[in-house]
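J.: Quick one: sequence and predicted model below, then my questions.
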Amino acid sequence: MKIKKWDTLESQYLFRRPWLTVRRDKVRLPDGRINPEHYVLEYPDWVNILAITEKGEFVMIEQYRHGLDDVYIELAAGVVEKDEEPLDAARRELLEETGYSGGDWELLMVISQNPSISNNLTHCFLARNVVPTANQSLDSSEDIAVRLLSEDEVKSILLADEMKQALMAAPLWKYFYLKEKLKCGGNYRNLK
């Protein structure tokens, strides 16, 4: 059996704010059943950046996350502004949050936080050989410290389940997996 898309019969916005929009859809499933309440969270696309210096240090940030009421080590990340390309947003966010820029950039993966109820994607970039070029330029709601970590320190954070942001853990795990495959003779991108 081939899975088919649902038909949206009605949509109603319940809440619209700059960082959160909630939509209620009435949908018809392929077999004709009607679900009168399927909720969708609308967000702009996001970016996150796995940035590594010329010395092999991972440029990470540390900040408080109110939802889980704790402080975490994370990747630099942010919103893709309207009419902005994801790569441009990633370069801007890395510079604003960490003061690092330059280097060699590539898209590592594009993922979703939860495709069942959210409509945006996260573009995950790998930036190698970045260098400090400016001071941080933080938004009024940001309180961020830059942390330069070794590969072993980043792996320890992942293995200890200390990185709670799945959209950031996923590209880190992929990076380490591909790097290991390259050591074993795999034909992958150059992940020095």
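T.: Alright, I've got the coordinates. Residues are numbered from 1 along each chain as shown.

J.: Okay, helices next: where are they in the protein?
T.: All helices of the chain, identified by DSSP state H, fall at 86-98, 151-159, 166-183.

J.: ok and the longest one relative to helix 151-159, angle-wise?
T.: Helix 166-183 and helix 151-159 meet at an angle of 130 degrees, taking axes from the mean of the first three to the mean of the last three C-alpha atoms, to 10 degrees as the criterion.

J.: Run through the neighbouring helices and strands of helix 166-183.
T.: With contacts taken as 3 or more C-beta pairs under 8 Å, 6 or more residues apart in numbering; DSSP states H and E, helix 166-183 sits against strand 46-53, strand 104-111, strand 122-132, helix 151-159. (Glycine included, C-beta is placed from N, CA and C.)

J.: any idea what sits nearest Ala166, other than its immediate chain neighbours?
T.: Leaving out its chain neighbours, the residue that sits closest to Ala166 by C-beta to C-beta, 6 or more residues apart in numbering is Gln113, at 7.4 Å.

J.: pretty sure the one you found contacts Ala170?
T.: No - using C-beta atoms under 8 Å, Gln113 is not in contact with Ala170; the gap is 10.2 Å.

J.: Output the below-cut-off pLDDT ranges for this structure.
T.: Counting by pLDDT under 70, the chain shows low-confidence ranges at 185-192.

J.: any idea which residue of it is furthest from its center?
T.: In the chain, Gly32 marks the outermost C-alpha relative to the chain mean, sitting 35.9 Å out by C-alpha atoms, centre = their mean.

J.: Please point out which parts of stretch 155-166 sit buried.
T.: Ile157, Met163, Gln165 (16 or more other C-beta atoms under 10 Å).

J.: Please disregard the earlier target; I meant stretch 51-68.
T.: By 16+ other C-beta under 10 Å, the buried positions in stretch 51-68 come out as Ala51, Ile52, Thr53, Glu57, Phe58, Val59, Met60, Ile61.

J.: which residue is nearest the centroid of the chain?
T.: Asn48 (4.1 Å).

J.: So that one versus Cys184, what's the distance?
T.: Asn48 is 27 Å from Cys184, where distance means C-beta to C-beta, to the nearest Å.

J.: Now His123. Nearest residue, chain neighbours left out?
T.: Spatial nearest neighbour of His123, chain neighbours left out: Pro86 (3.8 Å); criterion: C-beta to C-beta, 6+ apart.

J.: Who are the contact partners of that neighbour?
T.: Listed by C-beta atoms under 8 Å, 6 or more residues apart in numbering, the contact set of Pro86 reads Asp45, Val47, Val80, Leu107, His123, Phe125.
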